[in-house]
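Novice: Here is a sequence together with a model predicted from it:
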Amino acid sequence: MFCSVTAYELNPWWRLDLLQNYQISTVLLTSRSDGNLEQINGAEIRIGNSLDNNGNNNPICAVTSGFLASQTITYSCNGMEGRYVNVIIPGRASYLTLCEVEVYDTDNLAFNGTVTQSSSFFKRGAEFAVDGKREGLATKCSTTTSESNPWWRLDLENNYDISTVVITARSDGYVDQTNGAEIRIGNSLDNNGNNNPICAVTSGFLPGYTVSYTCNGMDGRYVNVVITGRASHLALCEVEVYGKIHRKKTFLRLKFSSSDHTAAESGKILHQLQSALGSNISDFNLSWTQLPKKEEEHEEEDGGRLVC
């Protein structure tokens with residue numbers, strides 16, 4: 001595994017510039033595989049918008065601890081706002097080693113869903129892939145029997161725009177049980193969900209590797225991982241899904257009979273509509289596509305458009 005490493009120095013630090021403000025939900029750090037864990041344990045994760053002291057004065061999300069070799073630990077930052085994400089070991093001389101840093105503005109959606117798979121090998125059920133542990137031990141991974149087109153499915157129980165799917169392979173070899181799988185996202189359960197559109201086909205796994213796949217906001221309730229066209233076990237040591245609730249826009253056109261009163265009171269009409277709808281509909285805007293015209297023009301114009 002390749003890692004970023006600073007020189008041996010006092011207060012070594014690393015910084016990510018996200019280029020704009022985000023509300024950071026989760027930061028994941030991965031340690032090196034060959035020991036030397038003092039190069040990551042005791043580091044502060046700081047998030048904010050200031051570059052004072054190279055960004056190391058921003059508020060603290062967490063202080064790292066408990067790392068073992070090749071371990072990934074998730075830190076919840078509860079929507080801390082910032083452009084910069086820093087990792088710094090304060091108050092001592094050290095190397096700072098980071099083998100992977102992942103930053104998400106949403107929580108791992110997989111924790112909130114339900115999972116199933118085509119079969120289970122030695123009781124290694126689908127839930128082993130969403131236990132929050134990127135451990136590659138075979139006994140800690142979901143595994144199907146060796147069968148044609150084995151599959152695993154996550155039901156998010158609501159529609160989401162999926163940005164990223166992260167998969168971890170087993171660490172003792174047998175990466176053919178993860179490589180070549182299709183990640184499919186959609187709302188259909190035809191063929192157990194395996195006919196939904198493809199986000200990616202997995203590849204490049206080495207033992208214990210974690211690989212992220214970008215799905216560019218694909219809309220769906222179901223996330224499937226399926227090996228097609230061959231007989232195999234399907235082994236998934238962790239599956240993480242990141243995205244945001246899918247919000248549909250609805251347009252409501254309103255017609256008003258033209259009158260002097262309607263034209264003069266157009267602003268008040270919008271305010272009254274917003275007040276009436278506000279208790280039942282969230283995240284909406286009201287605007288006129290065309291202001292009501294006076295009756296003498298002898299036309300009925302489309303009134304407003306409500307955007308939900």
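Specialist: Sure thing, it's come through.

Novice: give me the low-pLDDT residue ranges for the stretch 201-308 of the chain?
Specialist: Flagging of the stretch 201-308 of the chain using pLDDT under 70 yields the residue ranges 248-267, 269-270, 273-274, 276-308.

Novice: which residue packs closest to the residue nearest the centre of the chain, ignoring adjacent ones?
Specialist: Residue closest to the average C-alpha location in the chain (CA atoms, centre = their mean): Tyr242, at 1.7 Å. Closest residue to Tyr242 apart from its sequence neighbours, by CB to CB, 6 or more residues apart in numbering: Thr164 at 4.4 Å. For glycine as for every other residue, the C-beta is placed from the backbone atoms N, C-alpha and C.

Novice: which stretch of helix or strand covers the one you found?
Specialist: strand 151-168 (DSSP states H and E).

Novice: Just say helix, strand or coil for Lys268.
Specialist: Three-state call for Lys268 (DSSP: H, G, I helix; E, B strand; the rest coil): helix.

Novice: coming back round to it: buried ones in the strand holding Thr164?
Specialist: Of the residues in strand 151-168, 151-154, 156, 159-168 count as buried by neighbour count, 16 or more other CB atoms under 10 Å.

Novice: next one: stretch 233-250
Specialist: By 16+ other CB under 10 Å, the buried positions in stretch 233-250 come out as 233-243, 246.

Novice: Sitting in helices, which of these do you find?
Specialist: Among these, no member is found in helices (DSSP state H).

Novice: residues in contact with the residue nearest to Tyr242?
Specialist: With contact set as CB atoms under 8 Å, 6 or more residues apart in numbering, Thr164 has these partners: 104, 212-215, 240-243.

Novice: what does Ser4 give?
Specialist: By CB under 8 Å, 6+ apart, the contact set of Ser4 is 14, 97-99.

Novice: Now do the domain split for this structure, please.
Specialist: Here the domain assignment for the chain is 4-104, 109-245, 251-307, based on automatic domain parsing.

Novice: Can you tell me how far Asp219 is from Ile185?
Specialist: Remark: distance between Asp219 and Ile185 (CB to CB, to the nearest Å) = 8 Å.

Novice: List the buried residues in stretch 181-191.
Specialist: In stretch 181-191, counting by 16+ other CB under 10 Å, buried: 181-186.

Novice: from those, which ones fall inside strands?
Specialist: Using DSSP state E, 182-186 are the members of the buried residues of stretch 181-191 that sit in strands.

Novice: ok, of the residues you listed, which one's closest to Glu127?
Specialist: Closest approach between these and Glu127, by CB to CB: Ile183, at 18.7 Å.

Novice: just to revisit the earlier point, so what pairs up with the residue nearest to Tyr242 in the strands?
Specialist: Beta-bridge partners of Thr164, counted by DSSP bridges, are Thr214, Tyr242.

Novice: What does Gly173 show for phi and psi?
Specialist: Gly173 adopts backbone torsions of phi 100, psi -160, taken as degrees, to the nearest 10.

Novice: and if you look at Leu109?
Specialist: Torsion angles at Leu109 (phi, psi; degrees, to the nearest 10) stand at phi -70, psi -20.

Novice: burial of it, as a residue count?
Specialist: 22 (other CB atoms under 10 Å).

Novice: so what's it scoring on pLDDT?
Specialist: For Leu109, the pLDDT comes out at 95.

Novice: swap in the one 3 residues further on?
Specialist: The predicted structure scores Asn112 at 89 on the pLDDT scale.

Novice: isn't it right up against Leu156?
Specialist: Yes. Counting by CB atoms under 8 Å, Leu156 is a contact partner of Asn112 at 7.1 Å.

Novice: I'd say the residue nearest to the centre of the chain and Phe111 touch.
Specialist: No. Tyr242 lies out of contact with Phe111 (CB under 8 Å); the separation is 11.2 Å.

Novice: And the strands in the stretch 1-150 of the chain, which stretches?
Specialist: Secondary structure of the stretch 1-150 of the chain (DSSP state E, counting those that start in this stretch): strands located at 4-5, 9-10, 13-30, 44-48, 60-63, 72-88, 93-94, 97-98, 100-104, 114-117, 142-143, 147-148.

Novice: From the contact counts, what lies against the fourth one?
Specialist: Under the contact criterion of 3 or more CB pairs under 8 Å, 6 or more residues apart in numbering; DSSP states H and E, strand 44-48 touches strand 13-30, strand 60-63, strand 72-88.

Novice: Mind listing what's buried along it?
Specialist: 44-48.

Novice: Farthest pair within those residues?
Specialist: Greatest spacing in the buried residues of strand 44-48, by CB to CB: Glu44 and Gly48 (12.0 Å).
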